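>>> here is my input; please provide its structure:
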Amino acid sequence: MHLSSLQTITMDMMCNFRKCRRSLSNQAWVTTCSHAFCIEHGQREFKRNAENCLTCPACGSELRDKFDVIQADLKPSETFKSIVLAGLKPDTIMDVAMRAMSFWSYQIEQETMYQESMAKHSREKLVCLEEINNLNLQKIKAELETCKRKIVSLQEEYNVKRRQNEELKARLEDRSRKIQKLTFQLEAQKRKDIRGNNVEENSNINDPNKCMDISALMRKRSASEAFVFRPAKEMDESHVNRLCSPKTPIFDFRPKSSKRQSNFKFRPLSS
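Next up, the predicted model:
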């Protein structure tokens, strides 16, 4: 498991300061407790004072000795590589190399543990998200089924309304045809009545019996008035002129008396 993790993890170490996780490629602050920090956090945490003792920000270990924390060059020059272990015995060189490899192995192991922790957290979060997704999916499916049933109900209602609309449309067309037919019949009847009235008037004019009836009606109408004949009198010229005026009636029409008297009266001229 560690070998596969080592193959996938980058060769650069990461800053062990909380929530920093910055890649260490050029320089770093390293401690005897096998922790490494970036330049920014190392200078802030490991600034030596005579009054206090340094502690590791990662594990809290005390760093009392001068070489418990140093600033290391992660990309040394060729001259430094050729002289740093020169003059040391092979067992000392192997001891230094083994400690350096242990430091690097610890950093890789810590990075692996961190990545595994992040992966575990991501899996747990994924499980929670899947559960939430399943709940949302079930809710959406229920809403979808409700919408489908509602669509079916609305489709049935639409079909019923459409049939009713077609029936009403057919009835309206039938009523419109009946109204149009009745309108034509009414117009024809009006024309027929007009022609019948004209023929009746013409027949009344040519019928002598109808003419007699009209004369009788005229006599009956004028029977309520009495006709009086007045001969002209010997009058002076002014009186004659007044009588000859077109506004002066020549004949005297007076209402008929209720008593039985002759309608015609003769009145001679006075001297």
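
>>> select the longest helix from this protein.
Scanning the chain for the longest helix, with DSSP state H as the assignment, gives helix 90-206.

>>> which SSE is the closest residue to Glu45 other than its chain neighbours in?
Counting by Cβ to Cβ, 6 or more residues apart in numbering, Glu45 lies nearest to Pro57, which is 5.1 Å off, once chain neighbours are set aside. Heads up, the C-betas are built off the backbone N, CA and C, glycines and all. For Pro57, there is no enclosing helix or strand under DSSP states H and E.

>>> isn't Pro57 right up against Arg18?
Yes: shown here, Pro57 and Arg18 form a contact pair, counting by Cβ atoms under 8 Å, at 7.3 Å.

>>> out of those two, which sits in the busier spot?
Pro57 (20 against 9; other Cβ atoms under 10 Å).

>>> report the contact partners of the more buried one.
Applying Cβ atoms under 8 Å, 6 or more residues apart in numbering to Pro57 gives the contacts 16-18, 35, 37, 41, 45.

>>> ok, the residues you listed vs Tyr114, which is closest?
Asn16 (9.5 Å; Cβ to Cβ).

>>> still on that earlier bit, per-residue pLDDT, the residue nearest to Glu45?
For Pro57, the model assigns a pLDDT of 87.

>>> how about it, phi and psi?
When read as degrees, to the nearest 10, the backbone of Pro57 gives phi -70, psi -20.

>>> again, but for the one 4 residues further on
The phi and psi torsions at Ser61 (degrees, to the nearest 10) take the values phi -70, psi 150.

>>> that one contacts Ser34, correct?
No: assessed by Cβ under 8 Å, Ser61 is found out of contact with Ser34, at 9.8 Å.

>>> which one of the two is surrounded by more residues?
Applying other Cβ under 10 Å to Ser61 and Ser34 shows that Ser34 carries more neighbours, namely 20 against 15.

>>> correct me, but that one touches Ser105?
No: using Cβ under 8 Å, Ser34 is not in contact with Ser105; the gap is 9.0 Å.

>>> low-confidence bits of the stretch 101-250 of the chain, can you list those?
Judged by pLDDT under 70, the stretch 101-250 of the chain has its weakly predicted residues at 200-250.

>>> any idea how far Ala58 is from Tyr114?
Between Ala58 and Tyr114 the computed distance is 12 Å (Cβ to Cβ, to the nearest Å).

>>> again, but for Met94
Distance of Met94 to Tyr114, given as Cβ to Cβ: 30 Å.

>>> swap in Glu130?
24 Å.

>>> more crowded one of the two?
Between Glu130 and Tyr114, Tyr114 has the larger neighbour count (other Cβ under 10 Å), namely 14 against 11.

>>> residues touching that one, list them.
So Tyr114 contacts Met14 (Cβ under 8 Å, 6+ apart).

>>> what do you get for Glu166?
Contacts for Glu166 (Cβ under 8 Å, 6+ apart) come out as none.

>>> how close does it sit to Asp174?
To Asp174, Glu166 is 13 Å away according to Cβ to Cβ.

>>> with Arg149 instead?
38 Å.

>>> go on, Glu156?
Distance from Glu156 to Asp174, by Cβ to Cβ: 27 Å.

>>> number of nearby residues for Ala28?
Here the number of neighbours of Ala28 (other Cβ under 10 Å) works out to 24.

>>> that one belongs to a strand?
Yes: per DSSP: H, G, I helix; E, B strand; the rest coil, Ala28 lies within a strand segment.

>>> list the contacts of it.
By Cβ under 8 Å, 6+ apart, the neighbours of Ala28 are 13, 15, 36-39, 42, 71-72, 74.

>>> which of those residues sits closest to Ser122?
Nearest to Ser122 among these is Cys15, at 21.4 Å by Cβ to Cβ.

>>> what about the closest one, how many neighbours?
By the measure other Cβ under 10 Å, the count of residues near Cys15 is 23.

>>> ditto for Gln115
13.

>>> still on that earlier bit, using JSON lines, please lay out the contacts of Ala28 together with pLDDT and distance to Ile83.
Conversion of the contacts of Ala28 to JSON lines gives the following (pLDDT from 0 to 100; distance: Cβ to Cβ, whole Å):
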{"residue": "Met13", "pLDDT": "84", "distance to Ile83": "24"}
{"residue": "Cys15", "pLDDT": "89", "distance to Ile83": "29"}
{"residue": "Ala36", "pLDDT": "91", "distance to Ile83": "23"}
{"residue": "Phe37", "pLDDT": "91", "distance to Ile83": "26"}
{"residue": "Cys38", "pLDDT": "91", "distance to Ile83": "27"}
{"residue": "Ile39", "pLDDT": "89", "distance to Ile83": "24"}
{"residue": "Gly42", "pLDDT": "87", "distance to Ile83": "25"}
{"residue": "Gln71", "pLDDT": "88", "distance to Ile83": "19"}
{"residue": "Ala72", "pLDDT": "88", "distance to Ile83": "16"}
{"residue": "Leu74", "pLDDT": "86", "distance to Ile83": "18"}
